[in-house]
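>>> turn this into a model:
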Amino acid sequence: MRRPRAQLVLCVTKGNNLPAVTEPRPEHSRASLLTFWNAPTTAWLFIASAPFEVAEGENVHLSVVYLPENLYSYGWYKGKTVEPNQLIAAYVIDTHVRTPGPAYSGRETISPSGDLHFQNVTLEDTGYYNLQVTYRNSQIEQASHHLRVYESVAQPSIQASSTTVTEKGSVVLTCHTNNTGTSFQWIFNNQRLQVTKRMKLSWFNHVLTIDPIRQEDAGEYQCEVSNPVSSNRSDPLKLTVKSDDNTLGILIGVLVGSLLVAALVCFLLLRKTGRASDQSDFREQQPPASTPGHGPSDSSIS
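Next up, the predicted model:
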């Protein structure tokens, strides 16, 4: 597909006036103080990858968008620059001849439309790929594309500074993975962790610190690692949070003190009640006092 030709007529004026753009004019027009600009006769080369995010072991297709006309040949190269020793394969349009190059691995196929097909891509296939097209007038044009191949992430693991923590203490959870270029996410009781003010994440989120820890932090923790093509979670790690010993001691002390006070009050009440009862019994057992002049005589008359 050929890109339409365009012309821009720039009118240059004196003073502080800005250049003015006028309507396009025929190529044979001539005027003073006019500058003509012609777009290139070739189209812009653009390379697209399908799929855009490539997993290791998949097949990938590098297609050429806006392939120009009047081509003689094209070739694919691996690397940032076009060098003979980096040629994957070349294709001559008129003869339909495909020629493999030094960088050909046996998994690449070049199509008549200029596309490059990969089978079973590996991590080593990550890098820049250059397409060079040659026109029949010997003009050369190039386009490049960066291909990124991702590996499927393995299951990560969690390491804890302690799995049993006293309330108001702290704990550090670390997510370990052998994969690179991954992102980290923390899971709490099968839900994405809601980070609070007591929690701190490291720069890449692979370390979680909780300080101070509370009872509501007890539960199962997991870390999830992911890249653009895959994700995986660790096994659950159970975190137990014990009550603070000082708080428990204070509660026990208050309870014991209350019981002692109650016992003392009961003892005093019982003692007071007992004294009053003893005094009442003593008064009931005491004989009545003798009345003067009415008691019996000490002597009797025979």
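>>> I'd say Leu116 and Tyr129 touch.
Yes - when contacts are counted by C-beta atoms under 8 Å, Leu116 is listed as touching Tyr129 (7.1 Å). Where you see a C-beta, it was placed from the backbone N, CA and C, and this is true even at glycine.
>>> identify the contacts common to those two.
Taking C-beta atoms under 8 Å, 6 or more residues apart in numbering as the contact rule, the neighbours common to Leu116 and Tyr129 are 62, 76, 88.
>>> just among the residues you listed, which is most surrounded?
Neighbour counts for those were taken using other C-beta atoms under 10 Å; the highest belongs to Trp76, with 26 neighbours.
>>> how far is the helix or strand hosting that one from where the chain is centred?
For Trp76, the host element (DSSP states H and E) is strand 71-78. From the chain centre to the centre of strand 71-78 is a distance of 41 Å (C-alpha atoms, centre = their mean, to the nearest Å).
>>> mind jotting down where the helices sit in this structure?
For the chain, the helices defined by DSSP state H occupy 245-285.
>>> domains in it, as residue ranges please.
Domain segmentation of the chain under automatic domain parsing yields 7-38, 46-150, 157-244.
>>> so what's the model's average confidence on the first one?
The average pLDDT for domain 7-38 rounds to 34.
>>> just give the closest residue to Gly79, not the sequence neighbours.
In space, Gly79 comes closest to Gln86 once its chain neighbours are excluded; the distance is 4.4 Å by C-beta to C-beta, 6 or more residues apart in numbering.
>>> surely the one you found touches Pro102?
Yes - with contact taken as C-beta under 8 Å, Gln86 and Pro102 are classed as touching, separated by 7.2 Å.
>>> one step back: nearest to Ser162 among the shared contacts of Leu116 and Tyr129?
Compare each of the shared contacts of Leu116 and Tyr129 with Ser162 using C-beta to C-beta and the shortest gap goes to Leu62, at 51.4 Å.
>>> need the pLDDT of Thr81.
Per-residue pLDDT puts Thr81 at 89.
>>> what is the burial count for it?
For Thr81, the neighbour count with other C-beta under 10 Å is 10.
>>> thinking again about what came up before, make JSON lines out of the shared contacts of Leu116 and Tyr129 and add distance to Ala262 and pLDDT.
Shown next, in JSON lines, are the shared contacts of Leu116 and Tyr129 (distance: C-beta to C-beta, whole Å; pLDDT from 0 to 100):
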{"residue": "Leu62", "distance to Ala262": "86", "pLDDT": "96"}
{"residue": "Trp76", "distance to Ala262": "92", "pLDDT": "97"}
{"residue": "Ile88", "distance to Ala262": "92", "pLDDT": "97"}
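>>> looking at the residues you listed, spot the one nearest Glu224.
Comparing these against Glu224 with C-beta to C-beta picks out Leu62 as the nearest, at 31.6 Å.
>>> distance of that closest one relative to Ile210?
Using C-beta to C-beta, to the nearest Å, one gets 47 Å for the distance from Leu62 to Ile210.
>>> ditto for Ser152
Counting by C-beta to C-beta, the gap between Ser152 and Ile210 amounts to 31 Å.
>>> ok, Ser144 next?
For Ser144, the distance to Ile210 equals 47 Å [C-beta to C-beta].
>>> compare these two (neighbour count), which wins?
The residue with more neighbours, out of Ser144 and Ile210 and counting by other C-beta under 10 Å, is Ile210; that gives 21 against 16.
>>> now the more buried one: how far from Phe188?
10 Å.
>>> who are the contact partners of the nearest residue to Leu67 once chain neighbours are set aside?
Excluding its sequence neighbours, the residue lying closest to Leu67 (C-beta to C-beta, 6+ apart) is Gly114, at 5.3 Å. Taking C-beta under 8 Å, 6+ apart as the contact definition, Gly114 lies against 64, 67, 74, 91, 131, 133.
>>> the first one bridge partners, please.
When bridges are assigned using DSSP bridges, the partners listed for Val64 are Ile47.
>>> cool, the third one as well?
Tyr74 has the following beta-bridge partners by DSSP bridges: Tyr91, Val133.
>>> isn't it up against Tyr135?
No - taking contact to mean C-beta under 8 Å, the distance of 10.1 Å between Tyr74 and Tyr135 leaves them out of contact.
>>> with neighbour numbers in mind, choose between these two.
Applying other C-beta under 10 Å to Tyr74 and Tyr135 shows that Tyr74 carries more neighbours, namely 24 against 16.
>>> so how far is Tyr104 from the more buried one?
Taking C-beta to C-beta as the criterion, Tyr74 is separated from Tyr104 by 15 Å.
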